[in-house]
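> here are the coordinates; sequence isn't available:
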């Protein structure tokens, strides 16, 4: 039973790799698109993180101001 399970998992992994690396009509694979867009996504994530930290700092300051009085 373990041997059949291993074969099934191996076939699924091979199919997945084939699907991700198969070139589409535009000549690019899913992996190519991910690699091309990764720097843009990283920049967006960085901006989102900075915005979130600013919002947390404002809320923390509001809490500090309200508990002092």
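Looks like it arrived, so ask away. Bear in mind the structure is a predicted one, so any value in this text is a computation, not a measurement.
> let me see the mean pLDDT of stretch 6-26.
In this model, stretch 6-26 has a mean pLDDT of 95.
> which SSE is the one residue sitting closest to the centre of the chain in?
Centroid-nearest residue in the chain, with CA atoms, centre = their mean: residue 41, separated by 8.4 Å. Per DSSP states H and E, residue 41 falls inside helix 30-68.
> helices or strands up against that helix?
helix 2-21 (3 or more CB pairs under 8 Å, 6 or more residues apart in numbering; DSSP states H and E). Backbone N, C-alpha and C define where each C-beta goes, glycine included.
> can you give the contact residues for the helix it packs on?
The set of residues external to helix 2-21 that reach it, using CB atoms under 8 Å, 6 or more residues apart in numbering, is 29, 30, 31.
> torsion angles phi and psi at the first one?
Backbone torsions of residue 29, given as degrees, to the nearest 10, read phi -90, psi 170.
> list the residues that contact it.
Residue 29 touches 20, 21, 22, 23, counting by CB under 8 Å, 6+ apart.
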